[in-house]
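**Student:** sequence plus the predicted model coming up.
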Amino acid sequence: MAYEQEKQVAMQATLAAAKLCQRVRQDIPPAMEKSDKSPVTVADYGAQSLVCKALGEAFPNDPIVGEEDATALRSPEYEASRQKVVSYVREIEANASETEILNWIDRGNGQVAPRFWTLDPIDGTKGFLRQDQYAIALALIEDGEVKVGVMVCPALSLTSDDPGTLFVAVRGEGSQMMAITEGELKPIRVCGVEDVSKLRVVESVEASHGNPEQQQKLLDAVGITTPSLHMDSQAKYGVVAAGDAALYLRLPSADRPDYRENIWDHAAGAIVVEEAGGRVSDMYGQPLDFSRDVKLRETRGVIVSNGIIHDRVLEALKR
Ligand SMILES: Nc1ncnc2c1ncn2[C@@H]1O[C@H](COP(=O)(O)O)[C@@H](OP(=O)(O)O)[C@H]1O
Ligand SMILES: [Mg+2]
Ligand SMILES: [Mg+2]
Ligand SMILES: [Mg+2]
């Protein structure tokens, strides 16, 4: 099987990161503020540290484009947070020094290359802080195409009563899912629903991450009457891939027309949906281009579907 080592390493690394996140969340972490005013927590840093360590050991030549870096954490102002990150990481990597832990985080400062990984150590930090959904999302991009994607959603339960679902996909080999407690991967497919009135739709909880008014107009135009499920993070991609929803809408926010999506917010989710038989494009039907930059510069809005209804949604958008 292709990319078997990459798949195994990525799964182990994101599961270890998920364990750290769950530990931090029991303690109800405070948020720090980044330069762009968005929140970050000790769990984001700890998760990035663990995943970058594992990838660095298994694939020392692969750059990692991660969301976080340790610059703020190294400053005296964040001494207390730094100590917390070190202590949580040491629960999993007992012998790691502070310098090593910070350097692992900074391995995520890599550049887009012919082969690279992209990591969102916690996607949906706001959901994480609210005790809602979040995901650890990791993808391997080679020759401009996502080849492997893993998403761990520690608070999502689809098959068992215990929360915790992992999604994984390898290009050309389909998508799989497992309940973390069961540990057994099973193939997943998008839903076959064609009757639009019965479709389930997922959207962000955070209104500012999309355009709720436009999205509602679009749903009306397509004829979807079922109320949307609001969910943080790339867990939305997982829900579409597993057939629990047929559509995920993310139209550009009206307040931030200059905002461009980050590759780590979509790469893992996109391959999981595509390999489950679904389709991912921007609002004009263009594929997402992961080959150029940390930002999806040309992408406007993201439409994720079971494939069957994709063109109908794009047609309605044109109108
Ligand atoms: N104006 C905006 N439009 C679209 N996405 C935005 C945004 N501002 C922030 N985001 C992104 O939305 C992600 C969360 O998505 P969702 O709303 O689906 O949970 C955030 O990821 P992080 O939580 O990793 O920072 C962040 O990168
Ligand atoms: Mg963030
Ligand atoms: Mg994110
Ligand atoms: Mg994040």
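**Tutor:** In hand now; what should we look at? Ligands and ions are numbered 1, 2, ... in the order given.

**Student:** how about the nearest residue to residue 299, chain neighbours excluded?
**Tutor:** residue 282 (4.5 Å; CB to CB, 6 or more residues apart in numbering). To be clear about C-beta, it is placed using only N, CA and C from the backbone, and glycine gets the same treatment.

**Student:** surely the one you found and residue 303 touch.
**Tutor:** Yes. Using CB atoms under 8 Å, residue 282 is in contact with residue 303, at 7.0 Å.

**Student:** could you report the pLDDT at the residue nearest to residue 299?
**Tutor:** Predicted confidence (pLDDT) for residue 282: 98.

**Student:** cool, residue 211 as well?
**Tutor:** 98.

**Student:** how near is it to ligand 3?
**Tutor:** 18 Å (CB to the ion, to the nearest Å).

**Student:** what segments of the stretch 151-300 of the chain are helices?
**Tutor:** For the stretch 151-300 of the chain, the helices defined by DSSP state H, counting those that start in this stretch cover 212-222, 235-241, 267-275.

**Student:** would TSV of these with distance to ligand 2 and mean neighbour count be doable?
**Tutor:** What follows is these, written out as TSV (distance: least, CB to the ion, whole Å; neighbours: other CB atoms under 10 Å):
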stretch	distance to ligand 2	mean neighbour count
helix 212-222	20	17
helix 235-241	15	30
helix 267-275	15	29
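
**Student:** out of those helices, flag the one nearest ligand 4.
**Tutor:** helix 267-275 (11.9 Å; CB to the ion).

**Student:** smallest gap between the stretch 201-319 of the chain and ligand 4, at which residue?
**Tutor:** residue 264 (7.1 Å).

**Student:** so that residue touches residue 51, yeah?
**Tutor:** No. Using CB under 8 Å as the test, residue 264 is too far from residue 51 to be in contact (11.3 Å).

**Student:** can you list residues touching both of those two?
**Tutor:** By CB atoms under 8 Å, 6 or more residues apart in numbering, residue 264 and residue 51 have these common neighbours: 66, 119.

**Student:** between those two, point out the one with more neighbours.
**Tutor:** residue 51 (32 against 25; other CB atoms under 10 Å).

**Student:** the more buried one - that's part of a strand, no?
**Tutor:** No. Per DSSP: H, G, I helix; E, B strand; the rest coil, residue 51 lies outside any strand segment and is helix.

**Student:** so who does it touch?
**Tutor:** Neighbours of residue 51 in contact, by CB under 8 Å, 6+ apart: 13, 14, 16, 17, 66, 119, 121, 136, 138.

**Student:** need the residues of the stretch 201-319 of the chain near ligand 3, please.
**Tutor:** Residues of the stretch 201-319 of the chain lying near ligand 3 by CB under 5 Å from the ion: residue 265.

**Student:** hmm, the lowest-mean-pLDDT helix or strand in the chain touching ligand 1?
**Tutor:** Ranked by mean pLDDT, DSSP states H and E, the weakest helix or strand in the chain is strand 32-33, scoring a mean of 92. No. Using CB under 6 Å from any ligand atom, strand 32-33 never reaches ligand 1; the gap is at least 12.1 Å.

**Student:** how far does that strand sit from its chain's centre?
**Tutor:** 20 Å (CA atoms, centre = their mean, to the nearest Å).

**Student:** what's the helix or strand just after that strand packed up against?
**Tutor:** Remark: after strand 32-33, the chain's next helix or strand is strand 39-40, criterion DSSP states H and E. Helices and strands touching strand 39-40, by 3 or more CB pairs under 8 Å, 6 or more residues apart in numbering; DSSP states H and E, are strand 32-33, helix 125-129.

**Student:** rounded mean pLDDT for strand 39-40, please.
**Tutor:** Mean predicted lDDT for strand 39-40 stands at 96.

**Student:** what sits up against that strand?
**Tutor:** By CB under 8 Å, 6+ apart, strand 39-40 touches 31, 32, 33, 34, 68, 125, 126, 129.

**Student:** TSV for the contacts of residue 51, including pLDDT, secondary structure and distance to residue 254?
**Tutor:** Converted to TSV, the contacts of residue 51 look like this (pLDDT from 0 to 100; DSSP: H, G, I helix; E, B strand; the rest coil; distance: CB to CB, whole Å):
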residue	pLDDT	secondary structure	distance to residue 254
13	98	helix	37
14	98	helix	34
16	98	helix	39
17	98	helix	34
66	98	strand	29
119	99	strand	30
121	98	strand	29
136	99	strand	30
138	99	strand	31
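
**Student:** may I ask which two of those are separated the most?
**Tutor:** 16 and 66 (15.3 Å; CB to CB).

**Student:** neighbour count winner among those two?
**Tutor:** Comparing residue 16 with residue 66 by neighbour count (other CB under 10 Å), the higher total belongs to residue 66, at 27 against 21.
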